[in-house]
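>>> Sharing a model prediction with you, sequence too.
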There are 2 protein chains.
Amino acid sequence: MLPMQPGKLTENTIRSSGHHITPQRLVILDVLKGSNGHASADEIHSHVRSRCPKLHISTIYRALDMLKRLGLVTETALGDGKLRYHLHVKGYHHHLICEKCGRVEEMDEATFTPLKAALKRKHRFHADLRHLAIFGRCQACA
Amino acid sequence: MLPMQPGKLTENTIRSSGHHITPQRLVILDVLKGSNGHASADEIHSHVRSRCPKLHISTIYRALDMLKRLGLVTETALGDGKLRYHLHVKGYHHHLICEKCGRVEEMDEATFTPLKAALKRKHRFHADLRHLAIFGRCQACA
DNA sequence: TGCAAAGATGAAACTATTTGCAACTCCATG
DNA sequence: CATGGAGTTGCAAATAGTTTCATCTTTGCA
């Protein structure tokens, strides 16, 4: 059995949720895949320009919003007045953001399992812990 | 020994951090104190108008930014395109936000103590868990 | 295939938030 | 209790992000 390409997996998720695969979205996804960090809408826009000059920034915001709803993209406010976007291709993860140096560390879900259970038990709340950004101080800045 | 008024405590924090107490800020703080939920900058502005018609909305944004830095106010994105602000007068708390009905439940810090310890132990990260908004489904919408 | 409906796009208008600046106010200090 | 400098304010303009709408595309299905 061949492994499914990450691109195809993403496209299937989009399609099976009733959304369309469009050339614009493919370019946006490709830019997101290439950006190894957290890109702002504006940064995505300028990267996209060369390949698709008429692609309007509102299309980017709408694409990001859809991807966010589907859990394929994380939106994070890193404190500089812009929202940043990050593609989930290899499962979910969370962000530890240093308030001082701005470094972003990624971590897996496991640490949150007890919290998730506690929220369900104590508050009867079913937490969707895919989008978590936790602020604080990293080891170096503590 | 008399208990310190909450207002005075807040004012001392502001003053001792090198910021000024101004009539504008007193009105803004008063509105925040009165708003029992999560007020947007615009909502604060319209409440403030009656008492201080010339108070500009950028002054509100700047006051909120200062209060946020001092840890006196929490800024939360509830997903409606506006940021919401909440005054911390009685200790910190967190938000459980239902993705379906939009209901916001507040919860205390205690549930996060094990998570905080785990982050420090496993990632050497000193989490500042005062700003947490957790999305998911509430009991009714689960 | 070919079509209709659901969904997406670009453009412009609109709302939300931030910033630059000159004038003004607070308050620690003398 | 006057003063100077740091901090604030109001305004205008800039930057971010959202929404409306007419037009165009994608996709499931006949």
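Arrived safely. Numbering: from 1, shown residues only, chains lettered A, B, ... in the order given.
>>> got the residues of chain A near DNA strand C?
Within reach of DNA strand C by C-beta under 7 Å from any atom of the strand, chain A has these residues: A:18-20, A:22, A:24-25, A:52, A:54-56, A:58-59, A:62-63, A:66, A:81. Using the backbone N, CA and C atoms, a C-beta is placed for each residue, glycine as well.
>>> now, which of these lie within helices?
Secondary structure assignment by DSSP state H places A:Gln24, A:Arg25, A:Ser58, A:Thr59, A:Arg62, A:Ala63, A:Met66 of the residues of chain A next to DNA strand C in helices.
>>> Hmm, which of the residues you listed is lowest in pLDDT?
Within those, A:Met66 has the lowest pLDDT, namely 91.
>>> Am I right that it is in contact with A:Ile21?
No. Under the criterion of C-beta atoms under 8 Å, A:Met66 makes no contact with A:Ile21, lying 11.5 Å away.
>>> What about DNA strand D: which of the residues of chain A next to DNA strand C touch it?
Within the residues of chain A next to DNA strand C, those near DNA strand D by C-beta under 7 Å from any atom of the strand are A:His20, A:Thr22, A:Ser58, A:Arg62, A:Gly81.
>>> circling back to that earlier point, quick one, which of the residues of chain A next to DNA strand C are buried?
A:His19, A:Gln24, A:Arg25, A:Leu55, A:Thr59, A:Ala63, A:Met66 (16 or more other C-beta atoms under 10 Å in any protein chain shown).
>>> Now the two most distant members of those residues.
A:His19 and A:Leu55 (17.1 Å; C-beta to C-beta).
>>> now the strands for chain A?
For chain A, applying DSSP state E gives strands covering A:39-40, A:73-77, A:83-87, A:94-98, A:104-107, A:126-127, A:133-137.
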